[in-house]
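Engineer: turn this into a structure:
(chains A, B, C and D)
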Number of protein chains: 2
Amino acid sequence: MARPRMFDEAAVLDAAAREFRVHGFAETSTERLCEAAGVRRSSLYNTFRSKDDLFVRALEHYVSTIARLQAAILEDEALPGAERLLSLVDLVISEEREAAERGHAAGCMVVQSLMSPNLRARDERVARLLDRDLRARTSLLEGAIRAGHLDGTVSPALGPGDGAMLVNTVISGLRVTAQTGADAGTLRRIAVAGLRSLLG
Amino acid sequence: MARPRMFDEAAVLDAAAREFRVHGFAETSTERLCEAAGVRRSSLYNTFRSKDDLFVRALEHYVSTIARLQAAILEDEALPGAERLLSLVDLVISEEREAAERGHAAGCMVVQSLMSPNLRARDERVARLLDRDLRARTSLLEGAIRAGHLDGTVSPALGPGDGAMLVNTVISGLRVTAQTGADAGTLRRIAVAGLRSLLG
DNA sequence: CTGGTTTTGGATATTCAAGTACAGAAAGGT
DNA sequence: ACCTTTCTGTACTTGAATATCCAAAACCAG
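Structural biologist: This is a model prediction of the structure:
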């Protein structure tokens, strides 16, 4: 019927997310995006309406990738609740370590976006996306915490709601602290200390 | 001898920091900065060499303002160690609440800058500034924690070094979580839970 | 007053990035 | 084989943002 695409949309979104993470939205030119993705401008603009749209799609892609990994851990019925939380922390730490080793320090795209009021104000979709992501992760965390309450590995001192927020807050904090050059071992000690209220 | 300046340098830095916080570095035009500060372009460029330099100065200004407030709390000999840490948390929470109430959500400039790899890569001075700030705050925190160890209000489970990093991490996390719209009461509960290893 | 020095205002280069236009290429159903 | 449809490459337009230039103004020492 028509000429097929010569590139993989998901691969472009991956490359775009990487560039945005490393250089930030405003300082990533479309030319850079093209180079990084190995695609010409018209293809980009043909597939994604604008730089803004591409960013939204890339963030969406990034978020859903991360979310999938986290869900696999947090819903793993084979693990007791507390272990799920610790595995999540380890996942985050290894993500940060990887990013740090890859040369440019590139923090988590979600935290970056949350800390860029402009991005959220400029595009309603970004705000909604981040909000949805937060809700989804919170709900996963609540599930794991409830499981921990039942199997006795998570202290009942905190309810699932506050517990989930605590985990979220500690993880965000870790992602910031990681940018200061802290090594994986230190990050893990801090995380365990921060989750003391849950882990007992 | 020469024509005197018609504006206050510190006021300009204040206004600039506010704009940078709300809109981010790249998306704050020099025109906006001029308007916000009530100063003409040539005055800006005459006083501060470039937009980059102005940003560095503004960040410096912001950091030293915050640091002064925090030092006053953390070195307050009248307070036991644990109270100092809690007061610091309350200070942070009230900063975030104020920012949130002022319309545009504008997160902490330090966390914002830490999460913008580009900013740090682009200007060595920003990286150094953030590093110095981290070190200074860490050292203040260690002092307060040591004081708490001595007066018995802070658990010796964590050493001063790890304790300081924990507080820093929790505070950064709070500053991110604040951007998701959490209210002051919730933030405080989370903070107390996160600092359990020190306070408990 | 006056000369020297710095600031100020406004206008103006200069650069650069986002997005568009359009012609031609690659399918593939009919 | 043809014709419709979508993709691709290049060149261009347009707009905006940083930075500079220069003349006029303000100040003060001598």
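Engineer: what are the buried residues along stretch A:166-185?
Structural biologist: Residues A:166-180, A:182 are the ones in stretch A:166-185 that count as buried (16 or more other C-beta atoms under 10 Å in any protein chain shown). Every C-beta, even on glycine, is put in place using the N, C-alpha and C of the backbone.
Engineer: so that stretch, near chain B or not?
Structural biologist: Yes. Residues of stretch A:166-185 contacting chain B under C-beta under 8 Å from any C-beta of the partner chain: A:166, A:168-177, A:179-180, A:182.
Engineer: repeat for stretch A:42-51
Structural biologist: No. Applying C-beta under 8 Å from any C-beta, one finds stretch A:42-51 separated from chain B by no less than 12.9 Å.
Engineer: quick check: mean pLDDT across that stretch?
Structural biologist: Mean pLDDT, computed over stretch A:42-51, is 96.
Engineer: and stretch A:77-95, by the same measure?
Structural biologist: 98.
Engineer: from the chain's centre, how far out does it sit?
Structural biologist: Remark: stretch A:77-95 is offset 15 Å from the chain centroid, using C-alpha atoms, centre = their mean, to the nearest Å.
Engineer: for it, list the C-alpha coordinates in CSV.
Structural biologist: C-alpha atoms of stretch A:77-95 as CSV (Å, rounded to 0.1, in the frame of the first residue of the first chain):
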residue,chain,number,x,y,z
GLU,A,77,4.8,-13.5,44.9
ALA,A,78,7.8,-15.7,45.5
LEU,A,79,9.5,-12.9,47.6
PRO,A,80,8.4,-11.7,51.0
GLY,A,81,7.3,-8.1,51.1
ALA,A,82,10.5,-6.7,52.6
GLU,A,83,12.7,-8.5,50.0
ARG,A,84,10.7,-6.9,47.2
LEU,A,85,11.4,-3.5,48.6
LEU,A,86,15.1,-4.2,48.9
SER,A,87,15.2,-5.6,45.4
LEU,A,88,13.7,-2.5,44.2
VAL,A,89,16.3,-0.4,45.9
ASP,A,90,19.0,-2.6,44.4
LEU,A,91,17.5,-2.1,40.9
VAL,A,92,17.5,1.6,41.4
ILE,A,93,21.1,1.6,42.6
SER,A,94,22.3,-0.5,39.7
GLU,A,95,20.5,1.8,37.2
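Engineer: that stretch near chain B anywhere?
Structural biologist: No. Stretch A:77-95 lies out of reach of chain B by C-beta under 8 Å from any C-beta, never closer than 11.9 Å.
Engineer: next, the buried residues of that stretch.
Structural biologist: Buried residues in stretch A:77-95, counted by 16+ other C-beta under 10 Å: A:79-89, A:91-93, A:95.
Engineer: who touches that stretch?
Structural biologist: With contact meaning C-beta atoms under 8 Å, 6 or more residues apart in numbering or on different chains, stretch A:77-95 is reached by A:69-70, A:73-74, A:76, A:108, A:141, A:144-151, A:153-154, A:167, A:170-171, A:174-175, A:178, A:184, A:187-188, A:191-192, A:195, A:198-199.
Engineer: filter those residues to the buried ones?
Structural biologist: The buried subset of the contacts of stretch A:77-95 - by 16+ other C-beta under 10 Å - is A:70, A:73-74, A:108, A:141, A:144-149, A:153-154, A:167, A:170-171, A:174-175, A:178, A:187-188, A:191-192, A:195, A:198-199.
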